[in-house]
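Colleague: got a predicted structure plus its sequence, pasted below:
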Amino acid sequence: MKNFIIILITVLIPIKSFALIEVDITRGNLNPLPVAVSPLSIDEESRKNFEKILKKKNIGSEISSIVENNLRVSGLFNPLNKDAFLQEPDIANLKPRFEDWNLIKAQALITGKVSYVDQKLRVEFRLWDVLAGKEMMALAFTTVPNNWRRVGHIITDKVYERLTGEKGYFDTRIIYVAEEGPKTQRVKKLAIMDQDGANNKFLTLGNELVLTPRFNPTSQMVTYLSYFRNLPRVYLLDIETGTQEVVGDFPGMTFAPRFSPDGKKIIMSFAKDGNSEIYTMDLENRIVEKITNHPSIDTSPSYSPDGKFISFNSDRSGYQQIYVMKSDGSKVKRISFGKGIYGTPVWSPRGDLIAFTKLHKGKFYIGVMRTDGSGERLLTENYYQEAPSWSPNGRVLIFYRETKTDSKGKGFSAKLWSIDLTGYNERQVTTPTDGSDPSWSSLLSN
Amino acid sequence: MKDLISCEKVSLRQRNIEQGAIMKLNKILKNGFLIILACIALSACATSKKSTGQMQGDVYTGTDTVEYLASGVPDRVFFATNESVLTTASRETLRKQAAWLRKNSKISIVLEGHADERGTREYNLALGERRANAAKDYLMTYGISSDRISVLSYGKERPVDSGSNPLAWSKNRRSVSVKAN
């Protein structure tokens, strides 16, 4: 796949400057930082070349609007209206007139330049601290022209990281289940898209039911459940080559798959004779290990990022609750003790929190708790929602939500939504069809 | 939401019901009363005379969605919320299925287990499997060889009723015996 062509990054100016602006992402951000994203300047010859190759009139403005949109959707930044910009893009990239940008209340400014070099796309960008009148960062990327959207995402990641102190999550993709048709006969396909909804692509045809795709945190592999030939089994899919293989071919149903943090194992449930247990399979030598041993339903396993622990849900207490155990299955401990039932625990990539779904008094919640079960915090309440998946930096959760049908059974929909860990910035993630079971990839580049 | 609920006698064993109108019921039970709650449902039932839908506790007892493997042999059994215990009616249905299977010894079946939409997807897959196996175990005690029965859970993926109300959910919590050959 073209997406995986390496993007060369050059550091333009190795001067470390001290930023005055800083964005605090640990609180709900009610005052997003005003930032001016000046359209990337482009010389006429390069513009024409890219117009021919990419069918985009001005690739400079296209890339800058990707950056602008990413920043806006993050909820932490407020990209200012370009109509108010006083300085031309090319001049601004050389030396911004900080008074002008100050006048429109911009605190940060992003400028840049696009050029066509040796049939490649070269994008240089600079981040400026308007109040301090200083350059904070300057980088250049060189890649094949088709990668232009990714350049926009990588620029956003760099800006985000420089201003918040934490890695971004923009150069990432979401795999999910695309849904269509009546509720009683849903057709489901695996689909993948960029984090911002662009480049949506269906990976299966919809001939068989597919559920719960999850990314390998270390590569672009996916594990999911397929009802191919009416045998629900865990499969592995290589997104680059399209190769699929069954990995959980046991005499029963295998489901609820997830990768271990090093990507070398798959952890999943295996149901037989009315009992679901958790197993792991080493992908290299195919050795299978049984992790739980209890006559109740044990499912939805998820590893801690260091691989030492596993969280899962079990109804061994009578109702579905969240448990944590050591990765060998020992020291099982219930951690959810609030009112209601708890499921789908997913360990944060930062290691300190577990996201979950909760059902209480007929309402569904997405929430987080510490790994010992303390500090439960509910982020959002709805008629039906479940299956949170973390952004790679552990700051945003994506999940799906279903609507209630009316008295005639109409009006059903399933949509992807995201929300910040702070509980703010709840947004629908637009997909061409209905969608469910989203899983966020790790950063494609660093 | 107008829920079509016809509640008859409710015993104190109904501890697993958590949703919708039934919540009220639980509260009343907690207060120590054993009440015949037909009154809640009367108004709703009166407005939809056509519906044959009925529930006992929250187990579906109607025949709206039921198909027949043979004359007098219903194809499905229903479950309470979050339960895989067979009711008296379910056991009767399965005994009829077992008798029919004994008569038609060349027929194999797939038991398709299902859950309602009010649970997480993966848990419901496990629950559907548990329900279908409850039916399988019962058929086996009536002499049907496990070779003739396979089990397939659909979790909440294939509801028969697309409604978002307790009656629809009760129809969807089911294990269906489907002829495999």
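Modeller: Happy to help now that I have it.
Colleague: per-residue pLDDT, residue 10?
Modeller: This is for chain A. Here, the pLDDT recorded for A:T10 equals 66.
Colleague: ah, no, chain B please
Modeller: With respect to pLDDT, B:V10 has a value of 35.
Colleague: cool, and B:S84?
Modeller: B:S84 is given a pLDDT of 96.
Colleague: count of residues packed around it?
Modeller: Residues near B:S84, counting by other C-beta atoms under 10 Å in any protein chain shown, number 21. Yep, even glycine has a C-beta here, placed from its N, CA and C like the rest.
Colleague: ditto for A:G133
Modeller: Other residues close to A:G133 by other C-beta under 10 Å number 14.
Colleague: run a quick neighbour tally on the closest residue to it other than its chain neighbours.
Modeller: Of all residues not flanking A:G133 in the chain, A:F98 sits nearest, at 4.5 Å (C-beta to C-beta, 6 or more residues apart in numbering or on different chains). Close neighbours of A:F98, defined as other C-beta under 10 Å, add up to 18.
Colleague: please pull out the lowest mean pLDDT helix or strand from chain B.
Modeller: Using mean pLDDT, DSSP states H and E, helix B:38-47 stands out as the lowest-scoring helix or strand of chain B, at a mean of 39.
Colleague: after that one, which helix or strand is next? Please name it.
Modeller: strand B:55-56 (DSSP states H and E).
Colleague: which neighbouring elements make contact with that following strand?
Modeller: Applying 3 or more C-beta pairs under 8 Å, 6 or more residues apart in numbering or on different chains; DSSP states H and E, one finds that strand B:55-56 contacts helix B:166-172.
Colleague: mean confidence score for the helix it packs on?
Modeller: 95.
Colleague: pull the distance from that helix to the chain's centre.
Modeller: 8 Å (C-alpha atoms, centre = their mean, to the nearest Å).
Colleague: run me through the strand neighbours of the next helix or strand after that helix, direction for each.
Modeller: Scanning forward in sequence from helix B:166-172 by DSSP H and E, the next helix or strand is strand B:174-179. Take DSSP bridges as the rule and strand B:174-179 pairs in its sheet with strand B:76-78 (antiparallel), strand B:109-114 (antiparallel).
Colleague: in the chain, which spans are helices?
Modeller: With no chain named, the answer covers chain A. Secondary structure of chain A, counting by DSSP state H: helices at A:44-54, A:59-74, A:89-94, A:98-103, A:148-164.
Colleague: correction: the question concerned chain B.
Modeller: B:22-30, B:38-47, B:88-103, B:121-141, B:166-172.
Colleague: show me where pLDDT drops low in the chain?
Modeller: Went with chain A since none was named. Scanning chain A for pLDDT under 70 picks out A:1-29, A:446.
Colleague: hmm, no, I was thinking of chain B.
Modeller: Applying pLDDT under 70 to chain B picks out residues B:1-53.
Colleague: in it, which residue sits nearest chain A?
Modeller: Proximity of chain B to chain A (C-beta to the nearest C-beta) peaks at B:N133, 3.3 Å away.
Colleague: and the gap between B:K156 and A:K363?
Modeller: To A:K363, B:K156 is 17 Å away according to C-beta to C-beta, to the nearest Å.
Colleague: those two - which one has more neighbours?
Modeller: More crowded of B:K156 and A:K363, by other C-beta under 10 Å: B:K156, with 21 against 15.
Colleague: the more buried one touches B:N172, doesn't it?
Modeller: Yes - using C-beta atoms under 8 Å, B:K156 makes contact with B:N172 at a distance of 7.4 Å.
Colleague: interface residues of the stretch 301-446 of chain A facing chain B?
Modeller: Listed as neighbours of chain B in the stretch 301-446 of chain A under the rule C-beta under 8 Å from any C-beta of the partner chain: A:313, A:315, A:319-320, A:340-341, A:343-344, A:357, A:359, A:361-362, A:383-384, A:386-387, A:402, A:404-405, A:407, A:409-410, A:412, A:437.
Colleague: ugh, wrong one, I meant the stretch 51-200 of chain A
Modeller: So the stretch 51-200 of chain A meets chain B at A:P182, A:K183, A:T184, A:Q185, A:R186 (C-beta under 8 Å from any C-beta).
Colleague: from the residues you listed, pick the one nearest chain B.
Modeller: Each of those was scored against chain B by C-beta to the nearest C-beta, and A:K183 proved nearest at 3.9 Å.
Colleague: could you measure from the nearest residue to the closest one once chain neighbours are set aside over to A:R214?
Modeller: Leaving out its chain neighbours, the residue that sits closest to A:K183 by C-beta to C-beta, 6+ apart is B:S162, at 3.9 Å. If you measure B:S162 against A:R214 using C-beta to C-beta, the figure is 28 Å.
Colleague: ok, A:Y384 next?
Modeller: Applying C-beta to C-beta to A:Y384 and A:R214 gives a distance of 21 Å.
Colleague: one more: A:Y176?
Modeller: Taken as C-beta to C-beta, the span from A:Y176 to A:R214 is 11 Å.
Colleague: these two: which has the busier surroundings?
Modeller: Neighbour count, other C-beta under 10 Å: between A:Y176 and A:R214, A:Y176 has more, with 28 against 24.
Colleague: the residue nearest to that one when sequence neighbours are not counted: neighbouring residues, count only.
Modeller: Nearest residue to A:Y176 in three dimensions, chain neighbours excluded: A:P438, at 4.2 Å (C-beta to C-beta, 6+ apart). Using other C-beta under 10 Å, A:P438 has 25 neighbouring residues.
Colleague: A:P438 reaches A:K415, doesn't it?
Modeller: No - contact status for A:P438 versus A:K415: not in contact, 10.2 Å apart, counting by C-beta under 8 Å.
Colleague: shared neighbours of those two, which are they?
Modeller: A:Y400, A:V429 (C-beta atoms under 8 Å, 6 or more residues apart in numbering or on different chains).
Colleague: outline the domain layout of chain A.
Modeller: A:2-164, A:173-440 (automatic domain parsing).
Colleague: quick one: the longest one to chain centroid distance?
Modeller: On the basis of C-alpha atoms, centre = their mean, domain A:173-440 sits 13 Å off its chain's mean C-alpha point.
Colleague: for the first one, same thing?
Modeller: Average the C-alpha atoms of domain A:2-164, do the same for its chain, and the two points are 22 Å apart (C-alpha atoms, centre = their mean).
Colleague: within range of chain A, give me the residues from chain B.
Modeller: B:1-2, B:16, B:18-20, B:23, B:82, B:84, B:117-123, B:125-127, B:129-130, B:133-134, B:137, B:152-154, B:157-165, B:168.
Colleague: give me that answer again for 6 Å
Modeller: Neighbours of chain A within chain B, by C-beta under 6 Å from any C-beta of the partner chain: B:19-20, B:120, B:122-123, B:125-126, B:129-130, B:133, B:153, B:159, B:162-164.
Colleague: out of those residues, who has the most neighbours?
Modeller: B:A126 (33 neighbours).
Colleague: so that one touches A:S276, yeah?
Modeller: Yes - under the criterion of C-beta atoms under 6 Å, B:A126 makes contact with A:S276 at 4.0 Å.
Colleague: on that earlier part again, just send the domains of chain A back as TSV, with distance to B:R95 too.
Modeller: Converted to TSV, the domains of chain A look like this (distance: least, C-beta to C-beta, whole Å):
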stretch	distance to B:R95
domain A:2-164	59
domain A:173-440	20
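Colleague: for those domains, which one sits closest to B:I107?
Modeller: domain A:173-440 (17.6 Å; C-beta to C-beta).
Colleague: now the end-to-end length of the closest one.
Modeller: Using C-alpha to C-alpha, to the nearest Å, one end of domain A:173-440 lies 6 Å from the other.
Colleague: kindly report the same for stretch B:156-175.
Modeller: 12 Å.
Colleague: what sits closest to B:V66 if chain neighbours are left out?
Modeller: B:P74 (4.9 Å).
Colleague: so what sits opposite the one you found in the bridge?
Modeller: Under the criterion used here (DSSP bridges), B:P74 is bridged to B:Y68.
Colleague: you'd agree it is up against B:L94?
Modeller: No - here B:P74 lies out of contact with B:L94, judged by C-beta under 6 Å, at a distance of 9.4 Å.
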